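**Student:** below is the structure, and that's it, no one-letter string:
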């Protein structure tokens, strides 16, 4: 049994990443464009109560991170987030959650590129890259034709760096992450001592202008959950970790704690240093909402030009570093999905440096395609958030199944009180989907249908392969009711399109909680048998060990 968690030797992917590389992969993904825009967007939505939103978001993600820490230690495999449901529930659930994982990952690099271009509006030469328009009553800056060309060029640079070996990539990202962590801390310290106004917490239309709904909506739609995305990147690189059993849990948990502390302090400082003339009226429409580079604009207004310059530089490095590691993760997810038999076998082809190059090209093409339908930073945030938490929802289900079916398997890290925290983690994921709202969730539903078509076509045309998916319909009997049920609840809730929702605020939260608990125990008790789970885990491990990667000339 211990073979399911033993350290794996080199195969197509090279095991060259240590603890610093892993925690910086997660931390570097967490600290991206979220710190540049999250405080401004959250303050617009929730007012000063955005501080509460950050705490809710951080605690929610931390609970999900604890789940991933246990799973990542149990099964240190490439693209782990996409493969845990595969082991626990077979092909139907595995393919579905794998698609959610890939969809979330492939869209992050484009949004980071858009963040870089938006902050670049400080310079005259970048003005032609964006044009200002009104979308649903909100002023947004959208990419122009030349802006899309620049965005594609930046995507090409990020992709080219990913052609390097994973050791060089990890070192590159580690160096960038030291900078990415240091700059927000510098901003916090300097701005806090430049003039902090405690009266701002009760200014404009008050501390809690949107009530509880504003606090909860900010968690999903203002970039708070989006800002924390990335803690699972250590899991995605588990197949390349030197000591995955020891390092993955520490990296996952540590990155979330670092992110929560930094983001909470940033929100407090951002609110406290705003001048009174830019917060007149309401938080939703005050002048600070028009800032294109929020923290840099505040620094310029305070006369701290040198800090503004550093922030503008960081507006390239932070999003660029996050986009870099997400392109890496996307290739590893598609690599894992191919080895499970869900994606075409070409996604397993690697270069001599161990880079899955077909997955890299696909990530580049799909990422560039996002610029047309989603030409603004705001346009992608909610979609990515909803797709991400749907992906994360598979992890607590898998953990519950493993605790029930294979309790004796070695776990380098055991999540405390798992019988309570695991279902809570599933409830949390579904609440975030609820708070994202119907306008975003229906689009996610369309993306899910597209994924189903891709996976079905691959199953029909893939041909002979070393791995045949175990299409276990019985183990995944809960999946379709879960997806349809969540869609109906969101539609009928206070976050849906109805003028008079069937489930008003608080009732909708209760309905989601009860529904989630029912689905959780249905899924755990429907999971694959002990024998099937161990067999699938062994198949995954055997494929990891075998040198089945196709030659480079493909």
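**Tutor:** Received, thanks. Values in this document were obtained by computation on a predicted structure and should not be read as measured data.
**Student:** and the closest residue to residue 492 other than its chain neighbours, how many neighbours?
**Tutor:** Nearest in space to residue 492, with sequence neighbours left out and distances taken as C-beta to C-beta, 6 or more residues apart in numbering, is residue 502 at 4.2 Å. Every C-beta, even on glycine, is put in place using the N, C-alpha and C of the backbone. Residue 502 has 15 neighbours, counted by other C-beta atoms under 10 Å.
**Student:** residue 502 is in contact with residue 490, isn't it?
**Tutor:** No - Residue 502 lies out of contact with residue 490 (C-beta atoms under 8 Å); the separation is 11.4 Å.
**Student:** where does pLDDT dip in the stretch 251-400 of the chain?
**Tutor:** 377-379 (pLDDT under 70).
**Student:** any weak-confidence spans in the chain?
**Tutor:** Applying pLDDT under 70 to the chain flags the ranges 1-16, 77-82, 134-140, 164-177, 235-240, 377-379, 462-470, 540-554.
**Student:** residue nearest the centroid of it?
**Tutor:** residue 229 (3.3 Å; C-alpha atoms, centre = their mean).
**Student:** with adjacent residues omitted, what lies nearest to it?
**Tutor:** residue 388 (5.3 Å).
**Student:** distance between the helix or strand hosting that neighbour and the chain's centre?
**Tutor:** Residue 388 is located in helix 377-405, with elements delineated by DSSP states H and E. On the basis of C-alpha atoms, centre = their mean, to the nearest Å, helix 377-405 sits 9 Å off its chain's mean C-alpha point.
**Student:** C-terminal to that helix, what's the next element?
**Tutor:** Scanning forward in sequence from helix 377-405 by DSSP H and E, the next helix or strand is helix 418-436.
**Student:** other SSEs contacting that following helix?
**Tutor:** Applying 3 or more C-beta pairs under 8 Å, 6 or more residues apart in numbering; DSSP states H and E, one finds that helix 418-436 contacts helix 50-74, helix 211-221, helix 377-405, helix 479-492, helix 507-526.
**Student:** secondary structure class for residue 280?
**Tutor:** coil (DSSP: H, G, I helix; E, B strand; the rest coil).
**Student:** i'd like the first residue to be 39 from this point on
**Tutor:** From this message on, residue numbering opens at 39, which makes the last subject residue 318.
**Student:** that one - how many residues pack around it?
**Tutor:** Residue 318 has 13 nearby residues by other C-beta under 10 Å.
**Student:** swap in residue 148?
**Tutor:** 27.
**Student:** that one: which element?
**Tutor:** helix 146-157.
**Student:** next, the angle from that helix to helix 415-443.
**Tutor:** 150 degrees (axes from the mean of the first three to the mean of the last three C-alpha atoms, to 10 degrees).
**Student:** what packs against helix 146-157?
**Tutor:** Counting by 3+ C-beta pairs under 8 Å, 6+ apart, helix 146-157 packs on helix 71-84, strand 176-181, helix 183-199, helix 343-377, helix 395-407, helix 415-443.
**Student:** just give me how far the first one sits from the chain centre.
**Tutor:** A distance of 17 Å separates the centroid of the chain from that of helix 71-84, by C-alpha atoms, centre = their mean.
**Student:** what helices or strands is that helix leaning on?
**Tutor:** Using 3+ C-beta pairs under 8 Å, 6+ apart, helix 71-84 sits against helix 88-112, helix 146-157, helix 249-259, helix 262-266, helix 282-311, helix 332-339, helix 343-377, helix 415-443.
**Student:** looking at those, which is closest to residue 572?
**Tutor:** helix 415-443 (8.6 Å; C-beta to C-beta).
**Student:** take the helices and strands packed on helix 146-157 and lay them out in JSON lines including mean neighbour count.
**Tutor:** Below are the helices and strands packed on helix 146-157 laid out as JSON lines (neighbours: other C-beta atoms under 10 Å):
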{"stretch": "helix 71-84", "mean neighbour count": "28"}
{"stretch": "strand 176-181", "mean neighbour count": "17"}
{"stretch": "helix 183-199", "mean neighbour count": "17"}
{"stretch": "helix 343-377", "mean neighbour count": "25"}
{"stretch": "helix 395-407", "mean neighbour count": "20"}
{"stretch": "helix 415-443", "mean neighbour count": "26"}
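**Student:** and these: which comes nearest residue 158?
**Tutor:** Going by C-beta to C-beta, the one of the helices and strands packed on helix 146-157 nearest residue 158 is helix 343-377, 7.3 Å.
**Student:** ok, residue 396 - contacts?
**Tutor:** 372, 384-385, 387, 592 (C-beta atoms under 8 Å, 6 or more residues apart in numbering).
**Student:** ok, of those, which come out buried?
**Tutor:** Buried members of these, counted by 16 or more other C-beta atoms under 10 Å: 372, 384-385, 387.
**Student:** dump these to CSV, plus secondary structure and distance to residue 465.
**Tutor:** Below are the buried ones among the contacts of residue 396 laid out as CSV (DSSP: H, G, I helix; E, B strand; the rest coil; distance: C-beta to C-beta, whole Å):
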residue, secondary structure, distance to residue 465
372, helix, 30
384, helix, 39
385, helix, 34
387, coil, 40
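**Student:** which of those residues sits closest to residue 363?
**Tutor:** residue 372 (15.2 Å).
**Student:** now the closest one. Nearest residue, chain neighbours left out?
**Tutor:** residue 397 (3.9 Å).
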